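Undergrad: Below are the sequence and a predicted model; questions follow.
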6 protein chains.
Amino acid sequence: MQRPSGRLPEQLRPITLTRQFTKHAEGSVLVAFGDTKVICTASVVPGVPPFLRGQEQGWLTAEYGMLPRSTGSRMNREAARGKQGGRTVEIQRLIGRSLRAAVDLGQLGENTLHIDCDVIQADGGTRTASITGAWVAVADAIGWMKAKGMVKGEPLIRAIASVSVGIYQGVPVLDLDYPEDSNADTDMNVVMADDGGIIEIQGTAEAEPFSEDQFAQMLRLAKQGIGELNNLQREALAAG
Amino acid sequence: MQRPSGRLPEQLRPITLTRQFTKHAEGSVLVAFGDTKVICTASVVPGVPPFLRGQEQGWLTAEYGMLPRSTGSRMNREAARGKQGGRTVEIQRLIGRSLRAAVDLGQLGENTLHIDCDVIQADGGTRTASITGAWVAVADAIGWMKAKGMVKGEPLIRAIASVSVGIYQGVPVLDLDYPEDSNADTDMNVVMADDGGIIEIQGTAEAEPFSEDQFAQMLRLAKQGIGELNNLQREALAAG
Amino acid sequence: MQRPSGRLPEQLRPITLTRQFTKHAEGSVLVAFGDTKVICTASVVPGVPPFLRGQEQGWLTAEYGMLPRSTGSRMNREAARGKQGGRTVEIQRLIGRSLRAAVDLGQLGENTLHIDCDVIQADGGTRTASITGAWVAVADAIGWMKAKGMVKGEPLIRAIASVSVGIYQGVPVLDLDYPEDSNADTDMNVVMADDGGIIEIQGTAEAEPFSEDQFAQMLRLAKQGIGELNNLQREALAAG
Amino acid sequence: MQRPSGRLPEQLRPITLTRQFTKHAEGSVLVAFGDTKVICTASVVPGVPPFLRGQEQGWLTAEYGMLPRSTGSRMNREAARGKQGGRTVEIQRLIGRSLRAAVDLGQLGENTLHIDCDVIQADGGTRTASITGAWVAVADAIGWMKAKGMVKGEPLIRAIASVSVGIYQGVPVLDLDYPEDSNADTDMNVVMADDGGIIEIQGTAEAEPFSEDQFAQMLRLAKQGIGELNNLQREALAAG
Amino acid sequence: MQRPSGRLPEQLRPITLTRQFTKHAEGSVLVAFGDTKVICTASVVPGVPPFLRGQEQGWLTAEYGMLPRSTGSRMNREAARGKQGGRTVEIQRLIGRSLRAAVDLGQLGENTLHIDCDVIQADGGTRTASITGAWVAVADAIGWMKAKGMVKGEPLIRAIASVSVGIYQGVPVLDLDYPEDSNADTDMNVVMADDGGIIEIQGTAEAEPFSEDQFAQMLRLAKQGIGELNNLQREALAAG
Amino acid sequence: MQRPSGRLPEQLRPITLTRQFTKHAEGSVLVAFGDTKVICTASVVPGVPPFLRGQEQGWLTAEYGMLPRSTGSRMNREAARGKQGGRTVEIQRLIGRSLRAAVDLGQLGENTLHIDCDVIQADGGTRTASITGAWVAVADAIGWMKAKGMVKGEPLIRAIASVSVGIYQGVPVLDLDYPEDSNADTDMNVVMADDGGIIEIQGTAEAEPFSEDQFAQMLRLAKQGIGELNNLQREALAAG
């Protein structure tokens, strides 16, 4: 088996995490997983949604979008069509759920962390890159809140990152790019904490069901990859 | 640990699958997982979506809805609000993906199986009940197509069913009802084929990350439950 | 003239009113007019619309929907299309207006009775079945309010029911089913109180105008049919 | 009983029908029922809706709107809100149904008569004025088609007009204006042909149910009023 | 060069400004620029948008629409389509901006002047006619506010009017009608105050870029035309 | 007068034009006017809109958007709100009109150039930066078409660029940034060709009307700035 990119099965694409990518957001990160590039911003917005008002806690929510020509052929602009597609909704709910597991909402005060993940170039794995990059943006936004004296304790309770794994031509591979993703038998996205705790697993058999054994192999790969991503997140924050 | 319903950890709720529940659809099943009740219909509609035209194959798609007062307090009607919520979209995509794994689309001719899952009473597990019931409706609709001579081979390539598993007060439990679901630490929905192959896994840590060991225990419970559901599906079809 | 169903011109279809059909709503009734089946729920929701706030009265409003495959060929789901069709809007306004004539809104406190009529199987006369069934659900919801001590007087001021009448092959007939409805010269829906008072009349000449004499004959049939429906409503409530 | 306007119970408001009110439409009529003023246009548009294609017949459809400040206090603009309200939908369906009863669609060729009724000043009875005025616009548009040689036979098969009747302070009155309409016990809109045939009756008890006797009195008034309106329509067309 | 209408290059169409055209609005003007006819109303609505609350000032906003058959062939109704088109949005923003330059918002109290410009017949120049007519409606609405004692000072700080200019067959012409507009090389809309101050200029080269010299000629024509329009506005108000 | 940025009145911000910024689009340019940064892509899409079919010509259309946190405080995402705001619509229409003046649509074959301008960081002048950058993307996309043999002649008929000018504290200044833009008395956006021909002028008096003399001064500044921008565009293309 030869991966289209020439990578080893257990090899991530080149990963970069560029902080302060844009100037207005409290946290702003350009994340690249190879040719997949996503601008992740974390905005500190006063107030919480109605269902949380008066409960002395904060909230975190996420939205996701793709520029119309981030992809090989141009997609319709969701704002012009007048609604977000099902895939978009599914992804932004995943991003929000995952990042809420990284934050103690009770420590945020009545503020909302509003995460925006906008894909400027897509080559597979946009949701895993979004989660990985957005976590760094969240860390920066919380740092900003601390510097402003808006929080007292430590709202950031763990590091999380995300990667895809799949079965490509019968072999479990890490961090699928688009040519692999569109031909994989099985595709799984995993979100994990830096202590190996599982935050979210979403596995889908594209054609044939997969076995528990394949599942176990994929999970092992994901764990290794997420460990590497956690290291890169730490380095990026340390460099700040 | 005492489950609110008094069930054993590995015990399903009472399951019923009522075929020919309504008269117009080619397949129409009322599925009950305890107090969760969903009308699942499979409609045979001539034609396929634009992206498949001329490829001599069929398609399967699903939509999901809840009656406004299927729940403890009344929800807004999505048709009146003018859009489907994120949860609805996420669930109907899952139902469609799962059922496509049960059908050889190349055997359907240029026809679409349109699945509708409408929850008339909700008590947790509406998506797993929907998939389990809708599979029976699909089987009936394909039977109808065969009787009409619309298909030659066997489009139904495997039986699938779905169940939720979770960690409730530290103990892995099968088929969570609403009181458990809203208090579980972890919630996982599993779709499997009757040979144990995994079609879809979606696991979410609600508060704390879960371990690989917990994951393995939950997967084992799910496999057992899905086996029982497969038996009930077979019996329902045999009774026809 | 032979009715497709073999019924006499003045004969209703078999009518059933099943209370407590679902468990969450304060009033929940499955109504069947022959093969037409509608789930009618009445929900007690605190608060009133903005235009009534502070006036120490309640409100009643209704919404109507059809499951996509309640009909012979599948209809588009209104929630997915993003808007309710004109027929839906027209019917739900009729249901709301009619039921408001049965309730003394000044006795409800600042609460809204939210009626949902969802057709699970259609065979003509869905709006008249909806009104007839929903009135029973309203009675149950008001009973629930009384049991809770939420109302002091008697908000339910009269019984109402509804039936269709039409001219089929030149003969006035009661309670049209779909084969009659789609071939009738004239179709009229009547809502009446149990004392014979008229709440609403909507008569439409489908092809040829109809005469005052035909009108009078149809009205007489409607009155008889509504009398029978009122009896069935009373029996259903007494059985509770 | 004194009507707010000083009119007799059986007296119409001053009615005017101004043809060729705007220059582009094939039929264009400004109708005034007292202070209620509606621009009614009939446009001849080639083609028919999908459900009629290839059946060698035409179609007639209607839309209705109110200018935002046609009323005492400004209403929201439906185009800006992004949807038509329930009342608008109900009225435009009534206008379309009523006018289709005046036209032999089989004589139109594959053309659609598109009726637009836009209220520029409202004082009660906008739907009845719309139908009455739009019929004249339809007659002009059909005249235009004849002059162009687009139709051979006579598509206009009868004259129709519409008026409201109600019970005001216990007395049946004809052609309610806004002060009456908002205080009437009962409000009924009647559409009739010039031979007294009934096209559409919509009667609503606003507070108390009404009796068959009251109904008969109202219908008699409506018949008289529509006769007068038919005369005015004829005069308007003769003047052309 | 011969203008289709036979007008001289510097000649306006016949202009009329009919005040009190409808009875409900505080200001209501029918403006005609030749065959272009627009109903302009100014409504005094208590309250201001959220971004201005508590700032003790008022607001002015505008909406624009065309009746579906105001044009040569019928346009879709924006309310039925569910959204306003791009051209509509562009025009109503221009109308609002222009009229805000005529009013001292600080003098209005917390009230909003809501301007509606509805085109009942279009023949080119609907936006310039709208602005010119709406200014008169604003003057009347402010007069109404003064009569009610709602304002103390003088909110109306200047007269403004608007006209189009263009290059038609190489010659600068004033106040283009539809046959000119659809064939012009360049089209420019100018809004000016009565002292010659420029409020808004929007010039667009339809095919070839235009020169600064052409621009200067067009601006000179516009200034002359707006002077004449200001006189007509003054006369209309004086006649009241 | 001191500009907030310390620039001279006639001084542009630092301008960069980065070609091939993303890899999928036929033309992809990151344009920066100081801190204003916009991704401009030009996509070659086969086919033309319905109104041009069969006319053997192409089309060019543009869409514009801002990332939610491209601005100082987070804006709502238009895709999530379900519609594009008025400002967005106005700007994308301007971009499309302006670029169509640079292209001979008759030379494109039945293809559409679809322009997307997405602001990733905003600091005033996003529409002028968009037009200036998008022109370079159009040039690259047309180059791509030539290389593919899709066009024979030269569809790119002129270079265009755009800049804003305004009166800031009484002094005409070039290329306003956000602090100037939000305090300017007058704001004008100019689109010009490289031979000085005017494509579009949009000038708005924010508070006080401006004089013809001020207008002439602003136009002179714009002309100078656009000349400089044309040079930078040429250099960027030459560097390719």
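TA: The structure has been received and is ready for your questions. Numbers count the residues shown, from 1 in each chain, chains lettered A, B, ... in the order given.

Undergrad: For the closest residue in space to residue A:230 that isn't next to it in sequence, give me its contacts.
TA: What sits nearest to residue A:230 in space, not counting adjacent residues and going by Cβ to Cβ, 6 or more residues apart in numbering or on different chains, is residue A:194, at 4.4 Å. For the C-beta atoms, the positions are set from N, CA and C on the backbone; glycine is no exception. Residue A:194 sits next to A:158-161, A:226-227, A:230 when contact means Cβ atoms under 8 Å, 6 or more residues apart in numbering or on different chains.

Undergrad: so can I have TSV of those residues showing neighbour count and secondary structure?
TA: Below are those laid out as TSV (neighbours: other Cβ atoms under 10 Å in any protein chain shown; DSSP: H, G, I helix; E, B strand; the rest coil):
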residue	neighbour count	secondary structure
A:158	18	coil
A:159	21	coil
A:160	27	strand
A:161	30	strand
A:226	28	helix
A:227	14	helix
A:230	20	helix
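
Undergrad: Nearest to chain B among those?
TA: residue A:158 (7.7 Å; Cβ to the nearest Cβ).

Undergrad: Among the contacts of residue A:194, list the two that are farthest apart in space.
TA: The span of those, defined through Cβ to Cβ, is set by A:158 and A:227 at 13.7 Å.

Undergrad: my read is residue A:44 is in a strand, agree?
TA: Yes - the assignment for residue A:44 by DSSP: H, G, I helix; E, B strand; the rest coil puts it in a strand.

Undergrad: Which positions are bridged to it in the beta structure?
TA: With beta bridges defined as DSSP bridges, residue A:44 has these partners: residue A:113.

Undergrad: Model confidence score at whatever residue of chain A ends up closest to chain D, please.
TA: Distances between chain A and chain D by Cβ to the nearest Cβ are smallest at residue A:82, namely 8.9 Å. Note on residue A:82: pLDDT of 89.

Undergrad: Then residue A:154?
TA: In the predicted model, residue A:154 carries a pLDDT score of 95.

Undergrad: Return the residues in contact with the nearest residue to it once chain neighbours are set aside.
TA: If you skip the residues right next to it in sequence, residue A:154 has residue A:107 as its closest partner in space, 6.9 Å away by Cβ to Cβ, 6+ apart. Contacts here follow Cβ under 8 Å, 6+ apart; on that basis residue A:107 touches A:58, A:151-155.

Undergrad: Look up how far chain E lies from the residue of chain A closest to chain D.
TA: Residue A:82 sits at a distance of 7 Å from chain E (criterion: Cβ to the nearest Cβ, to the nearest Å).

Undergrad: how about the strands of chain A, start to end?
TA: If you assign secondary structure with DSSP state E, the strands in chain A sit at A:15-19, A:27-33, A:36-46, A:59-66, A:111-121, A:160-168, A:171-174, A:186-193, A:198-205.

Undergrad: strand partners of the fourth one, parallel vs antiparallel please.
TA: Looking at strand A:59-66 with DSSP bridges, its partner strands are strand A:111-121 (parallel).

Undergrad: returning to what we had before: only the buried subset of the contacts of residue A:107, as a PyMOL command please.
TA: Remark: buried members of these, expressed as a PyMOL selection using 16 or more other Cβ atoms under 10 Å in any protein chain shown:
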select buried, chain A and resi 58+151+155
